[in-house]
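> what follows is a predicted structure for the sequence shown.
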Amino acid sequence: MPVAFLRGMNLGRRRITNVELAAIFEDFGLAEVRCYRASGNVLFEGEATEEALERHLQGALGYPVKVFLRTVEELDAICAFAFSREGKTQVNLLREDPPAEVLEYATQDDLLALGPRCLYWQPIGRSTDSVLDHRALDKLHGRGTMRTMGTLTNIRKKL
């Protein structure tokens with residue numbers, strides 16, 4: 001059962017219920033569609049590509065939505081990662097493996113680690129208090145979509 005992680009859902013004026021979002025995925029021809037939280041996490045059965053789902057979502061919603069697909073095996077690998085210190089790990093899901101240059105932005109307050117098609121980040125405090133230059137990182141690895149490790153682990157348990 002793949003999972004689609006959508007960027008920028010239910011932010012600002014872009015509001016959609018999980019029922020509405022599931023219906024859009026069902027209209028695409030996918031089965032057993034379930035949404036986790038109202039932040040664009042969609043579990044489903046069937047075949048889809050990121051590009052095809054993006055076209056379908058734009059047609060249905062009227063605005064572009066970036067899609068990041070992950071398999072059960074990919075989620076297993078992501079959820080198995082842990083930093084050596086305690087903290088709230090964030091995972092930036094990407095289309096491609098991030099380049100090693102992103103590690104140059106790591107500090108003692110903002111740990112970074114590379115993963116397969118993701119970047120792990122652990123701020124020492126709240127993520128909103130961090131001074132990590134996300135725009136510079138986006139220029140290096142492209143824009144992704146961020147989820148907490150806790151959210152990803154909970155989604156994995158539902159598969």
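The structure has been received and is ready for your questions.
> the longest helix seen in the chain: what's the following helix or strand?
When the chain is parsed with DSSP state H, its longest helix is helix 50-61. Downstream of helix 50-61, the first helix or strand assigned by DSSP states H and E is strand 67-70.
> for the residue of the chain positioned farthest from its centre, give me its contacts.
Residue distances from the centre of the chain (C-alpha atoms, centre = their mean) peak at Gln108, which lies 24.3 Å from the mean C-alpha position. By C-beta atoms under 8 Å, 6 or more residues apart in numbering, the contact set of Gln108 is Ile124. Where you see a C-beta, it was placed from the backbone N, CA and C, and this is true even at glycine.
> that one: which element?
Using DSSP H and E, no helix or strand contains Gln108.
> just read off the phi/psi values of it.
Gln108 adopts backbone torsions of phi -60, psi -30, taken as degrees, to the nearest 10.
> quick one: low-confidence parts of the chain?
By pLDDT under 70, the chain has no low-scoring segment.
> in it, which spans are strands?
3-6, 31-35, 41-45, 67-70, 90-93, 110-115, 118-123, 145-148 (DSSP state E).
> return the list of strands paired to the fifth one, each annotated with direction.
Put plainly, it is strand 90-93. strand 118-123 (antiparallel), strand 145-148 (antiparallel) (DSSP bridges).
> what's the answer for the first one, then?
Next to strand 3-6 in the sheet, as set by DSSP bridges, lie strand 41-45 (antiparallel), strand 67-70 (antiparallel).
> pipe those into a markdown table and attach mean neighbour count and distance to Phe83 per row.
Shown next, in a markdown table, are the strands paired with strand 3-6 (neighbours: other C-beta atoms under 10 Å; distance: least, C-beta to C-beta, whole Å):
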| stretch | mean neighbour count | distance to Phe83 |
| --- | --- | --- |
| strand 41-45 | 20 | 23 |
| strand 67-70 | 20 | 20 |
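> same list (the ones you listed) but as a markdown table, adding distance to Ser130.
Shown next, in a markdown table, are the strands paired with strand 3-6 (distance: least, C-beta to C-beta, whole Å):
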| stretch | distance to Ser130 |
| --- | --- |
| strand 41-45 | 23 |
| strand 67-70 | 22 |
